[in-house]
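K.L.:
Requesting a structural model of the entry that follows:
(4 chains)
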4 protein chains.
Amino acid sequence: PAGLTIAGCTLESRLLIGTSGYPNRQIMLDAIEASGAELVTAAIRRISLEGYAESVLDLLRHKTILPNTAGCETARDAVLTAQLAREALETNWVKLEVIGDRETLYPDVEQLVKAADELVRDGFVVLPYTTEDPVVAQRLIDAGCAAVMPLGSPIGSGQGIANPWAIELICSRSPVPVILDAGIGTASDAVQAMELGCEGVLLNTAVAKAREPVRMARAMRAAVDAGADARRAGRMPKQATAEPSSPQLGLIGS
Amino acid sequence: PAGLTIAGCTLESRLLIGTSGYPNRQIMLDAIEASGAELVTAAIRRISLEGYAESVLDLLRHKTILPNTAGCETARDAVLTAQLAREALETNWVKLEVIGDRETLYPDVEQLVKAADELVRDGFVVLPYTTEDPVVAQRLIDAGCAAVMPLGSPIGSGQGIANPWAIELICSRSPVPVILDAGIGTASDAVQAMELGCEGVLLNTAVAKAREPVRMARAMRAAVDAGADARRAGRMPKQATAEPSSPQLGLIGS
Amino acid sequence: PAGLTIAGCTLESRLLIGTSGYPNRQIMLDAIEASGAELVTAAIRRISLEGYAESVLDLLRHKTILPNTAGCETARDAVLTAQLAREALETNWVKLEVIGDRETLYPDVEQLVKAADELVRDGFVVLPYTTEDPVVAQRLIDAGCAAVMPLGSPIGSGQGIANPWAIELICSRSPVPVILDAGIGTASDAVQAMELGCEGVLLNTAVAKAREPVRMARAMRAAVDAGADARRAGRMPKQATAEPSSPQLGLIGS
Amino acid sequence: PAGLTIAGCTLESRLLIGTSGYPNRQIMLDAIEASGAELVTAAIRRISLEGYAESVLDLLRHKTILPNTAGCETARDAVLTAQLAREALETNWVKLEVIGDRETLYPDVEQLVKAADELVRDGFVVLPYTTEDPVVAQRLIDAGCAAVMPLGSPIGSGQGIANPWAIELICSRSPVPVILDAGIGTASDAVQAMELGCEGVLLNTAVAKAREPVRMARAMRAAVDAGADARRAGRMPKQATAEPSSPQLGLIGS
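P.N.:
Coordinates of the predicted model:
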C-alpha cells in the first residue's frame, strides 16, 4: 500500500532494518533482501572501522544506508558522529540516538532534542529514536525532524509495544511520519504498530535473532503490509457482546 | 508458506472466510476474492432458502463451500442440518456449530461433542466451533473431528484472542489442525493466532464490517501468511533488559 | 463489607482458603488465621487418611470445613467421594471437582454437570469448580448449585485471570454467588476478581507458596475487602484523554 | 505494614490523596478521612484564592498539606508558585508539576528537571510528577528529589498502569521512594502499583469521581495495604502449567 514518504523521498517499503547481530554476513544479506527494506541502518562507529566499511557497505550498495549514532551519550558526541557519517557516506540522513542509560538503552531526551535541533540547523534529515513521551515527540517535530521514532520497548528486548496508548496518541498528532523503533519481537508486533497509526517500522533483533532470520524477514515484510492495509481499511468496532455473522433463523427447526 | 491440510485435502490458503453481513453482494465477492480463501463458509439455513442458493452458490462455484450449522441449538438439530447440507451441496464437510447461548453465541459443548460424534460416524468431515477449553478440544479430537476451531472471543465481537494461553495449549497438543474461529477484529489478531500455533484462521465480521472490506480482506491474507512464517521462523526470546543491536564501542568518543 | 451468603448461610469473610502445600503445618494454621477465612477446603481423599483427619481437622475445628473432590475424574467417583465426606465430616457441603486433564487440571465439564445434578438431588450444597464458559455456568445454576466457581487460570499456576471478559459475563448473569477459584497469584488478582463482580475468592497456592505465607494471607484478606468495596463504590469511567484533577487557572501566571 | 518515609518523615499511610472534583465539600472531607491519607495535595493556585484557603485548609488542619504546582507550564512559573506556597503555608514540601501538554497533562520533562534542580537548591523537599521514563527519573534523583512520582496513565484518565515494565524498573533502581501518581482508576490498579515496588500511591479522581467516593476511599486504603503486604510477602512464581494444590492420590478410586 502506497509507500513511506520522508523528507520528500518516497520508499516503497515501510520496513527499515538493521545490520547487527546476525549469525553471519550471508544470512544478514539474505534477510535484508527478503525483508524488502530499502533503508538499512548501520552504526557509524562500526562503519568507520576500516575493512568493515569496505565490505558491508559495498555489499549493500543497492540499498540506502541510514547511518545511526548508536553508542553516543551526549548531544555533542552524536552531532560529531553524524557529521563524520555525512562525510564518509555522502548522506545527510541520520538516525539519531543519544543513549541515557546503558542498561535499558533508553534515550536521554534532553540531549536528544538538543542534538536534533543542531543537526537540523546543520542541514541534516534527522530521524530521532525517542521514548513514547508525546511532549518530547512534539519537541522533536518542532525542531524540524523529518520523522519521529518512538520505542515500543527497550532495544533488543522483543517485548513488543508496552504502551500502545502513547504510540497511538503520538501518531494521531504528528505531521511527520511516525516509525516504531525498538522492541518488536515478532510479526504481530509489527502489525500492531501499523494499526496504531505508525507509517513504518524499524527493527533488527527480531529478524537477526529469530531461529530462521530469512523467514522472519519475509514475515515482517508481509506484516507491515498487512498492518498498513488494516489501518487504512478501518477496523470493525469492538463489541461487548456477540453478533451473529450467520442468520439465526431459517428453514430447519425454526 | 506450505498450506493447510485437513482430512487429506491441502489448501494453499490458511484463511477461511464467511459470507454474512457485507454491505452488498459485490463487495462480498470482491472481498472473498481478495482474501485468497479457498474455503468459504455459509449458513445452511440460508443456503436452503431457494433463490439465495441459486445465486450465491453459483457465484462462489470456484470456491469450496463449507456449510455451517449456525443457529442450531441441539445436537439433533445440528445433525439434521448437516445431513440436509450434504444432500443439497454434495459435500460431506461441515462446520459444526451448536449454540448454547443466544447472547454470546458460545457453543453448548456437551451437545457439540455429541453431534460431532454422530456426524463422524455418519461419514462427515467435521470442523467444530468450540470454546477454548482444552478438555473439550480433546473430546472432539477423540471423536474423530478433522480439525478443532476454538473461539478467540465471541462471534462478531472483534475482541481478538481473550485467552492466548488456552489457544496455545490446544495447539501444542492437537494432532489435527487448530483453526481459530470467531473474535478476530483486525490483522494483528490473525497474526497472533498463527503465532500461537494455529494452522488457519476463520473470520467473517472483521472483513464484512471493516470500512473497506476488500482492503481488509487483503490485509488478512497477508496477516495469515506473516503469522505462519513468523511461527515457523521461531521468534527471538523476550528479554527483560535491553540488548544493544548496534555495537557500543567504536572510533569516536571511546 | 456485608458478607457472602451461600445457600442461606452468611459468612463474614469473602475469602475461602485451601490447606495444601504450606511449608509446614504451623505456617498453614497461622496463614489460615491471618486470612480471616471461615470456609477452609480440604481434599476428602487426604482427610480420609486416618491420622491426618485427626490432627488437621481437630486444629481447624473453629473453621467450617468444605470438603473437595480433588483428584476425581468421573462423575461417579466424585459423587461417591462427596458421599463419603458427608458421612465422615457431617456436612452436606461439597466443593465439586471433576478433573478432565491431569496436566492443566481443567474440569471435565460434561462429567461436572452430571455430578452436580446428582449431588443436588441427593441433598448436597454443591459448589462446583468449573471453566470460564458461561454456558456451562448456566447449566450448573440450572442444576441447582449453590454457587459457581469458575477458574481464573489453571490451578496452582498463579497466572491470574486469563479471561476477565468471561468472568464478568458469568457474574452479570448469575443468580447465585460467583466465586473465583484457581489461578490467583497475588493480591491484585484477588481484587480484580471482586471488581469483575465475583462475590468471593477461593485460593491456596498463592498463599502457601508465597515467600511469607502469613503475610500474603493478610494481604489477601485486605485485597478481597478492597475489591468488594471498589465494586460497590462504582469505579470512575475510563477516559481516553486526561482530565485535570486540579484547576488549570488561578492567581499566578494566568 | 511499616510506613512511608520521605525526607526523614515517616507517614503511617502509603496513600496520598487530592482535593479536586468531589461532588461537594463534605464528601471530600469524608472521603479523605476514610482513605486514611495523612498527606493531602492541593493546587497552590486554588489555595491562593482567598476564602478557599480559609475554609478548606482550616478543615484539613489535622492533615499535612502537600501544595502542588498544577497548571504551571515552565520551570520559572513552577518555582515561583512553589515559593509562594512556602510562604503562605509554611511548608517547604512541594509536589512539582510542570505540564508540557494541555490535552494529556504529560509533564515537560526538561523543564521539570530544571525546576526540580532549582527548588532543591532553594531548600525544598521536592516530589516531582514525571513520566515513566527511567532516564528522567534518574535525573530527578540526581537533582536531589525526595521521591519520584511517575504516572501510570494520564491524569484523570483512570486507565491504570499503561507500562508496568517501566514502573517496575524505576522502582528497582531508585534509592528514594517511588510513588505512583496519576492514572489509578480502581483498587486493583493501586494494588498493582505497590506490587511493582512503589512505596506509595497518589490519587484523586478515582475516589472523587466514583459513584460512592467514601466507599472507594476505604477500598483504596485497604488496596494500598494489601499491595504493600503482597510485595513484601514475595509472590509465588507464575507457572506455565497447573500444579495440584490438593493431592492427587488417596483412598478412593486410586
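
K.L.:
how about the residues of chain A that lie near chain D?
P.N.:
Counting by Cβ under 8 Å from any Cβ of the partner chain, chain A comes close to chain D at A:100-101, A:104, A:106-110, A:113, A:131-136, A:138-139, A:153, A:159, A:162-163, A:165-166, A:169. C-beta: built from backbone N, CA, C; applies to glycine.

K.L.:
Can you spell out which helices and strands pack onto the longest helix along chain A?
P.N.:
Across chain A, the longest stretch assigned as helix under DSSP state H is helix A:213-233. For helix A:213-233, the packing partners by 3 or more Cβ pairs under 8 Å, 6 or more residues apart in numbering or on different chains; DSSP states H and E come out as strand A:15-18, helix A:25-35, helix A:187-195, strand A:200-203, helix A:205-208, helix B:187-195, helix B:213-233.

K.L.:
Tabulate those (JSON lines), appending distance to residue D:201.
P.N.:
Formatted as JSON lines, the helices and strands packed on helix A:213-233 follow (distance: least, Cβ to Cβ, whole Å):
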{"stretch": "strand A:15-18", "distance to residue D:201": "39"}
{"stretch": "helix A:25-35", "distance to residue D:201": "44"}
{"stretch": "helix A:187-195", "distance to residue D:201": "30"}
{"stretch": "strand A:200-203", "distance to residue D:201": "35"}
{"stretch": "helix A:205-208", "distance to residue D:201": "35"}
{"stretch": "helix B:187-195", "distance to residue D:201": "33"}
{"stretch": "helix B:213-233", "distance to residue D:201": "39"}
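
K.L.:
Export the ones you listed to a markdown table and append columns for mean pLDDT and mean neighbour count.
P.N.:
A markdown table is the format used below for those (pLDDT from 0 to 100; neighbours: other Cβ atoms under 10 Å in any protein chain shown):
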| stretch | mean pLDDT | mean neighbour count |
| --- | --- | --- |
| strand A:15-18 | 96 | 27 |
| helix A:25-35 | 94 | 18 |
| helix A:187-195 | 97 | 30 |
| strand A:200-203 | 97 | 28 |
| helix A:205-208 | 96 | 27 |
| helix B:187-195 | 97 | 31 |
| helix B:213-233 | 97 | 27 |
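
K.L.:
Would you point out which residue is most central in chain A?
P.N.:
Nearest to the mean C-alpha position of chain A, counting by Cα atoms, centre = their mean, stands residue A:202 at 2.2 Å.

K.L.:
what bridges to it?
P.N.:
Applying DSSP bridges to residue A:202 gives these bridge partners: residue A:16, residue A:181.

K.L.:
if I pick it, what's in contact with it?
P.N.:
A:15-18, A:41, A:95, A:149, A:179-182 (Cβ atoms under 8 Å, 6 or more residues apart in numbering or on different chains).

K.L.:
and if we set it to 10 Å?
P.N.:
Residue A:202 sits next to A:14-18, A:37, A:39, A:41, A:66, A:68, A:95, A:127, A:129, A:147, A:149, A:179-182, A:184, A:193 when contact means Cβ atoms under 10 Å, 6 or more residues apart in numbering or on different chains.

K.L.:
Ok, residue A:230 next?
P.N.:
A:1, A:191-192, A:194-195, B:185-191, B:206, B:210, B:215-216, B:218-220, B:222-223.

K.L.:
The same query, at a cut-off of 6 Å, please.
P.N.:
A:195, B:186-187, B:219 (Cβ atoms under 6 Å, 6 or more residues apart in numbering or on different chains).

K.L.:
In ChimeraX, how would I select the buried members of the residues of chain A next to chain D?
P.N.:
Restricted to buried positions by 16 or more other Cβ atoms under 10 Å in any protein chain shown, the ChimeraX selection for the residues of chain A next to chain D reads:
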select /A:100,101,104,106,107,108,109,110,113,131,132,133,134,135,136,138,139,153,159,162,163,165,166,169
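
K.L.:
Do you have the strands of chain A handy? List them.
P.N.:
Under the criterion DSSP state E, chain A carries strands at the ranges A:4-6, A:9-11, A:15-18, A:39-43, A:64-68, A:93-96, A:125-130, A:149-150, A:179-181, A:200-203.

K.L.:
how about TSV for the ones you listed, with distance to residue B:28 added?
P.N.:
Shown next, in TSV, are the strands of chain A (distance: least, Cβ to Cβ, whole Å):
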stretch	distance to residue B:28
strand A:4-6	32
strand A:9-11	34
strand A:15-18	32
strand A:39-43	39
strand A:64-68	42
strand A:93-96	44
strand A:125-130	42
strand A:149-150	39
strand A:179-181	34
strand A:200-203	32
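
K.L.:
so where's chain A uncertain?
P.N.:
A:1, A:46-55, A:241-254 (pLDDT under 70).

K.L.:
can you tell me which of the residues of chain A next to chain D are in helices?
P.N.:
Per DSSP H, those map to helices at A:109-110, A:113, A:134-136, A:138-139, A:165-166, A:169.

K.L.:
Those residues: which two are farthest apart?
P.N.:
The two members of those with the most space between them (Cβ to Cβ) are A:110 and A:165, at 23.7 Å.

K.L.:
Against chain B, how distant is the residue of the stretch 1-150 of chain A found nearest chain C?
P.N.:
With Cβ to the nearest Cβ, the shortest gap between the stretch 1-150 of chain A and chain C falls at residue A:134, namely 10.7 Å. Using Cβ to the nearest Cβ, to the nearest Å, residue A:134 is found at 22 Å from chain B.

K.L.:
how much space between that residue and residue D:152?
P.N.:
The gap separating residue A:134 from residue D:152 is 16 Å, by Cβ to Cβ, to the nearest Å.
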